[in-house]
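Novice: Provided below are the primary sequence and the corresponding predicted coordinates.
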Amino acid sequence: MSSEPLLRVENLKTQFFTDAGTVRAVDGISFEVHEGEIVGLVGESGAGKSVASMSLLRLVEHPGEIVGGEITYRGETIFGLEEGPDGELREREDMLSNEAVRDRIRGNEIAVIFQDPMESLNPVFTVGGQLREFIELNRDLSGKEARAEAIRMLREVGIPDPEERYEEYPHQFSGGMRQRVLIAMALACEPSLIIADEPTTALDVTVEGQIIDLVDDLQEKYGTSFIWVTHDMGVVAEICDRVNVMYLGEVIEQAPVDELFHDTKHPYTQALLNSMPRPDRTVGELEPIEGVMPEAISPPSGCRFHPRCPDAREVCQRVHPEPKEVARADGYPHNAACVKHDAFDVGYDESPPLEAEPRLTAGTPGGEDGE
Amino acid sequence: MAIGESQGGGESGPSKEVEAKFGWRHTITKVKDDTTARWGLYVVGFVLLISLYTLIDSNLSRLTLGAISDFTFAEALPIFDHPERIPPPGEGEGHLPPAFHADGSMSYPLGTDPNGRDYFTRIVYGAQVSVSVGIVSTLIGFVGGTVIGSVAGFYGGKIDDLLMRVVETVYAIPPLILIIVFTVFVSGGSPDITYAILGVGITFIPVFARIIRSEVLSIREMDYIEAARASGVKNRNIILRHVIPNSFAPVLVYATLQIGVTILIVAGLSFLGYGAQPPTPDWGEMLNVSHGYMHSNVWLSVWPGIAILITIMGFNLFGDGLQDALDPRLKN
């Protein structure tokens, strides 16, 4: 792409310093978000998707810390490090201060829609009151104007009788309605980028469909960019323009959505797709990915996916692949981090395959990366 | 035409039955339905009314403070019959027994105190002292505890450690001793009801701080806190708008019960001579004076005791009822 991207993330590293050791929740990911684009961030639980998206707003909680990389939003540095005179890494001078990020970026420029609509609204205040307060906070509007704007936003996201429902409390709203309110809240200050952190995971499938349609419509109307964090490949196919697949803190494949589905370059992405029922294919049995994701505290050597990879060969245990461009489509690179592609040239073809049965990886199931 | 209006209709679930189960209206209904809580509410309301009345009636307050009163509260009320006015005995000339006694008079339904002041008026006036003592000192503990507890719980880490260690140190000292030492120290040796209120309030900050903190610890993990942070809300506003309002209910119950406890403690302090000083008509102070007359007129000790008993029972019953009403597990 010729123009400067809206958001550029380069080699972002977020780590959690726990008693058990350093958890490398996000380990050097890079991606870009352009204007008006929906970018997917896909992966299993514990892949570091949420931590990555919260890092973009510098909202990583103790004991987590962003330890490296660069986040640039519209030419402004949200996070950046440089080497000081004493050789220590220090924050760059042009990095925005905490106050600037809080007052100008969060809510105004980059908004977030959270996963659980049941818990993302304060139960003791009315829905309208919260929306109005949020608008008052981020835009210079009087109380009355903010109220009108709040009602307009509620109508915009398809809440019937917005004047009446303005006065109601969150518990009087259903899950789908609350998610609509949260979307209204995110859109209220007309941010350029919305991070949607699994916004439909807690909803049932019909409501999920409605919400996705709504987001699609609103995205077209306002031209907002989205980072859509999800583990659902179906949602990705539905809504995203480009996709980043994450595994254990790394982006292992990066491609426009059609490319990803039709010309999958990484075995993990392939395995994810195989484990999902597809209406266009009839299979006797779905193929789950063997094992569980290892803990990010001590990732496997070489390629992090090799213990579970059906294509793993001896070389995969030794060589840690960085994502490289393996194809090009629609002017975007198709990056994959798998040594089986020619671009890597580390002797994959000559390397003997690992034993057929992929080793089950020990570890607690679920995300243990401090999310 | 709103986008997605047609889709929205299916999931709107306005539920009026649900509405009735939450909020203040529901709480009040619950309290009204509960017999003991209702009586608690009546008693609290009655005591509050009386203290409001005595606050407004300056004539009354002036006269109760004076050494000898020729005004009787009973005269203002039509329920007592007072055909002829017997002049009260002068100071040091002894005191009248209650009206039902052979030597008593309906002008002084509860008799007079050793200084010749109408005891009924003083008991009634005592309600104002007790209620303000209870409310003000509970409020001090409540506000102080809320500030300390919410800051400690919300920020965590070193701030939490520092604040809570201080709070626990205070908590470890027996309250009555702490209050007496505080009162004597701060007042410079001449204790007064104001210092007692202050002392009791400060002494109970730790209790409130601990309750609030434990609430805040769970609330700060809620998604709406994270959401507020992600939309650029300052920490101070997150605490004020999101954390404190959500940690309110259990503390409110505790505060109601605490009012009763505080009244009792301050009455105890006054009885020991560290609280209200004569001529302030505080129930504890009246007990202190009257215990010297136990043999000649036992009623002087009985009336303030009954007043304390009723008031505290009222607050406790109301607090219990409020607890039941606010407990989501008991919702039927």
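Specialist: Looks like it arrived, so ask away.

Novice: tell me which parts of the stretch 201-350 of chain A are close to chain B?
Specialist: A:207, A:210, A:213-214, A:217-218, A:221 (Cβ under 8 Å from any Cβ of the partner chain). Yep, even glycine has a C-beta here, placed from its N, CA and C like the rest.

Novice: swap the cut-off to 6 Å and go again
Specialist: Within the stretch 201-350 of chain A, the positions lying close to chain B (Cβ under 6 Å from any Cβ of the partner chain) are A:210, A:214, A:217.

Novice: pretty sure the second one is in a strand, no?
Specialist: No. Secondary structure assignment (DSSP: H, G, I helix; E, B strand; the rest coil) places A:Leu214 in helix, not in a strand.

Novice: since we're on it, how many residues are nearby?
Specialist: The burial metric for A:Leu214, expressed as a neighbour count using other Cβ atoms under 10 Å in any protein chain shown, is 21.

Novice: Tell me, what's the model's pLDDT at it?
Specialist: We note a pLDDT of 88 for A:Leu214 in this prediction.

Novice: go on, the last one?
Specialist: If you check A:Asp217, the pLDDT there is 88.

Novice: which stretch of helix or strand covers it?
Specialist: Here A:Asp217, judged by DSSP states H and E, is contained in helix A:205-222.

Novice: so where's the stretch 101-250 of chain B shaky on pLDDT?
Specialist: Within the stretch 101-250 of chain B, the ranges that satisfy pLDDT under 70 run B:102-108, B:115-116.

Novice: Next to chain A, which bits of it? Give me the list.
Specialist: Going by Cβ under 6 Å from any Cβ, the residues of the stretch 101-250 of chain B near chain A are B:222-224, B:227, B:229-232, B:242, B:245-246.

Novice: one more time with 7 Å
Specialist: The interface of the stretch 101-250 of chain B toward chain A, taken as Cβ under 7 Å from any Cβ of the partner chain, is made up of B:222-224, B:226-227, B:229-234, B:242, B:245-246.

Novice: In ChimeraX, select just the buried ones from those.
Specialist: To isolate the buried members of these in ChimeraX, using 16 or more other Cβ atoms under 10 Å in any protein chain shown:
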select /B:222,223,224,226,227,229,230,231,232,233,242,246
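
Novice: picking up where we left off before, against which helices or strands is the helix holding A:Asp217 packed?
Specialist: Identification of packing neighbours for helix A:205-222 by 3 or more Cβ pairs under 7 Å, 6 or more residues apart in numbering or on different chains; DSSP states H and E yields helix A:175-188, helix A:233-239.

Novice: Pairing partners for the following helix or strand past the last one, with directions?
Specialist: Stepping forward along the backbone from helix A:233-239, the first helix or strand reached (DSSP H and E) is strand A:242-247. Within its sheet, and counting by DSSP bridges, strand A:242-247 is paired with strand A:38-42 (parallel), strand A:250-256 (antiparallel).

Novice: Format these as CSV; extra columns: distance to B:Ala209, mean neighbour count and mean pLDDT.
Specialist: Shown next, in CSV, are the strands paired with strand A:242-247 (distance: least, Cβ to Cβ, whole Å; neighbours: other Cβ atoms under 10 Å in any protein chain shown; pLDDT from 0 to 100):
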stretch, distance to B:Ala209, mean neighbour count, mean pLDDT
strand A:38-42, 41, 25, 92
strand A:250-256, 45, 26, 91
